[in-house]
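Novice: Sequence and predicted structure below; questions after.
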Amino acid sequence: MSEPPAYIGFEEYSEHIPASIPAAVQQATSRFVSGRAARVAELPEWEQLRQAGSEIRLHTIENMDVYLAQLEEKILSAGGHVHWAQTAEDANRIVLQIAKEHNVKTAVKSKSMATEEIGLNHFLEKENIQIIETDLGEYIIQLAGTGPSHIIVPAVHLKKEEIAAIFSEKLDMNAPADPIELARIAREILREKFLTAEMGISGGNFLVAETGTLVMVTNEGNGRMCTTMPELHVAVVGIDKIIPDWESLTVFLKLLARSATGQKLSTYTQFITGPRHEEGEFGPKEFHLILLDNGRSNILQDPIGREVFKCIRCGACANVCPVYKNVGGFAYGWFISGPIGAILSPQMLGIKTARELPYASTLCGACADVCPVKIPIPTILRHLRRRVAEGDAISLPTIPVPIRAAAGLSSLALAHNWIYRFGALILPTLMSIFKRNGWIPSAPYPLSRWTKSRPLPPFTSHFRRWWKTARPTQGKDSTR
Amino acid sequence: MPKAQLFITCLGDQFYTTTLQNMTHILERLGVDVSFPSEQTCCGQPLFNNGFEEKTRPVALNFLRAFSKSDAPIVAPSGSCVSMVKHHYAELFKEGTPEHALAVDIASRTYEFTEYLVNVLKVTDVGAVYPHKVTYHASCHYLREMGLKTEAKTLLNQVKGLEFVQLKEEETCCGFGGAFTVTYPEVSRSMMENKVKDIVASGADTVVMCEPGCLMNVAGGLHKAGSHIRAMHIIDLLSSQ
Ligand code: SF4
């Protein structure tokens, strides 16, 4: 993915979803859902952990400047470099400058959402620096030329046959539809790149302020290779990844792997505090951390919206989201998808660009139930819908005028019961012309959008009359 | 004598007359003094959930006025509408205003029907007989916003002749979501079709739920799929003798 989208057309996308996507997504996510449930059931203190995770995050959100300053100081004293990037462009330019200073031609990269956010791959390629994704899923979608469709399983939308076809086409070979064989092919190609790349690029799951430590949680080992084999390591990390100390880290490590993949702990948990200090030690000679703001400071001013930065990017909300499971990640139009994408993208890109996303939910609440840091996702969705519909301190309303007018009229009708009752009186007669065999199989707009998928039951509404005239045991109408 | 004011909800009012009559009968049979404030319209949730908070306020005020004439508990055949009153009305008004105080008072005595039966009246057996294989769809707001996890099943458990079968994805949304059905009709349809498939696979001949909205969606979906499985509001099942 490259430039951020100018407009995200969720509805338009949702009308043309290839049938293979929901099938692949549902299969993969249901595995994660049952894995997560099993791990959570093993931990009686799960709810306390979630509460602690949520509280620590809120605390850091409120004291972010203090912890970031502490982090910077610790990294500097460990011999690392810290760069502050106000925007995506700043971050890209800083990476490029470091690359140029070191004469980098090839960079290997481990999976990172921050670099997807800033479109780093595209940017570096334009500058003639080859950048290779080394996470298997990321490698696949880099070959395919798309963005990720799931936070932790970027190629979740692809079946093994499709992956084999991509390998065959892009790598000019005859790749079999066998996951083990495909992984072997990728490993062989990537091994070569690890050995020759001059720069390793990573993101980070947490930044521990106490010691200036970058924490990476991965499963494939490629993250460790990216950050130890090249002599130069550049990490691009959002400022929201900061946590106070190692004690807090234990809470998040318990929450993250269980929520994400249903593991007790990921295969690799790496702690990186500056570059290597003496010859013979593991690690690169130079370590750079780029702290990415890209609009975060502004969102942090909004007391409801800012809770989005409690997120630890586990993807559990997407795994349980019935909307996500039926549309897949690309419907959300940017690097981040599912419920978290629906509350993050409209805040980062501006509500005008992503005004359809807050409505891409039935407010069923399954996401908030599983979120390990208790982000009140439905509340934030409603908050953003309010921004779309009525406007707030951050944006003017962006909803089409006819919808606003219709909302105004229904408000009027529902607030004045005589208008409502009049409507209820005439609707059954009015709608009876559409009735066929006890159902309304097709109704005029906007109800046509309902009836194109299923019939509408007939309007009956004679409870009020029955109450007044025909009720066998007469109770009291409290109004008269 | 326990008292209850019927909050019939706009969907109940428009589409489910029989269910409302059955609700009245059950409550009266259990000795409840039932009243019906006729100025009620809709709780305003469709406006509120779509971001029209300003425009929800007058609708909520109409509701509060209609139900404040009596101090009796308020009972509705919908967890979603009750959740709106219980959890969101107070947010609509500034703390310290009489409207806010009224919203808090009304919220504290508004109940979903099965909740009122099981937790207030402490009734689990309403004397229903329904010799069928029945499955249950847990509606989202009923389940998660109201936290009603056992009430419906407790009542079903006492119905004579009823054989219960569990859905594989009992707690997955059916795709209703109010305006969602017309905002993203394709997505709503896929979700509904998944739910219908799950219901058909259960082998039940009846599916019950506690929410008029989901009922419209699921019943319509079953009909469209050519299935003969009956979709019912739990109230109607509990009225079967
Ligand atoms: S919002 Fe919660 S559940 Fe979703 S990815 Fe973030 S932490 Fe995980």
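Specialist: Right, received. Where do you want to start?

Novice: Where does the prediction get shaky in chain B?
Specialist: Nowhere does chain B drop to pLDDT under 70.

Novice: next one: phi and psi at the spatially most central residue of it?
Specialist: Centroid check for chain B by C-alpha atoms, centre = their mean gives residue B:78 as the closest residue, at 1.6 Å. With angles defined as degrees, to the nearest 10, residue B:78 sits at phi -150, psi 130.

Novice: pretty sure it contacts residue B:9?
Specialist: Yes. Shown here, residue B:78 and residue B:9 form a contact pair, counting by C-beta atoms under 8 Å, at 4.9 Å. C-beta coordinates here come from the backbone N, C-alpha and C atoms, glycine included.

Novice: and for those two, which residues touch both?
Specialist: residue B:212 (C-beta atoms under 8 Å, 6 or more residues apart in numbering or on different chains).

Novice: quick one on the thing from earlier: and the gap between the residue nearest to the centre of chain B and residue B:11?
Specialist: 7 Å (C-beta to C-beta, to the nearest Å).

Novice: Is there proximity between the top helix by length along chain A and chain B?
Specialist: The longest helix of chain A (DSSP state H) is helix A:20-41. Yes. Contact of helix A:20-41 with chain B (C-beta under 8 Å from any C-beta of the partner chain) involves residue A:22.

Novice: sorry, back to before: now for residue B:78 and residue B:11: what residues contact both?
Specialist: With C-beta under 8 Å, 6+ apart, residue B:78 and residue B:11 have common neighbours B:212-213.

Novice: What about residue 47, how many residues nearby?
Specialist: Reading this off chain A. Around residue A:47 there are 11 other residues, counting by other C-beta atoms under 10 Å in any protein chain shown.

Novice: Wait, chain B was what I had in mind.
Specialist: 25.

Novice: so what's the nearest residue to it once chain neighbours are set aside up against?
Specialist: Excluding its sequence neighbours, the residue lying closest to residue B:47 (C-beta to C-beta, 6 or more residues apart in numbering or on different chains) is residue B:56, at 4.5 Å. Counting by C-beta under 8 Å, 6+ apart, residue B:56 touches A:411, B:44, B:47-48, B:92.

Novice: any idea which of these is the one closest to residue A:341?
Specialist: residue B:48 (23.4 Å; C-beta to C-beta).

Novice: How much space separates the closest residue to that closest one other than its chain neighbours from the ligand?
Specialist: Distance criterion C-beta to C-beta, 6+ apart; nearest residue to residue B:48, sequence neighbours excluded, is residue B:56 at 4.3 Å. Remark: distance between residue B:56 and the ligand (C-beta to the nearest ligand atom, to the nearest Å) = 27 Å.

Novice: centre of the chain versus the helix or strand where residue B:56 lies, how much separation?
Specialist: Per DSSP states H and E: residue B:56 is located in helix B:53-67. A distance of 20 Å separates the centroid of the chain from that of helix B:53-67, by C-alpha atoms, centre = their mean, to the nearest Å.

Novice: next one: stretch B:184-199
Specialist: Centre-to-centre, stretch B:184-199 and its host chain are 20 Å apart (C-alpha atoms, centre = their mean).

Novice: does chain A sit close to it?
Specialist: Yes. Stretch B:184-199 comes into contact with chain A (C-beta under 8 Å from any C-beta), by way of B:184-192, B:194.

Novice: So which of the residues you listed sit within helices?
Specialist: Counting by DSSP H, the part of those found in helices is B:185-192, B:194.

Novice: Those residues into CSV, with extra columns for distance to the ligand and neighbour count?
Specialist: Listed next are these as CSV, based on distance: C-beta to the nearest ligand atom, whole Å; neighbours: other C-beta atoms under 10 Å in any protein chain shown:
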residue, distance to the ligand, neighbour count
B:185, 26, 22
B:186, 24, 18
B:187, 19, 27
B:188, 22, 29
B:189, 25, 20
B:190, 22, 22
B:191, 19, 27
B:192, 25, 25
B:194, 21, 21
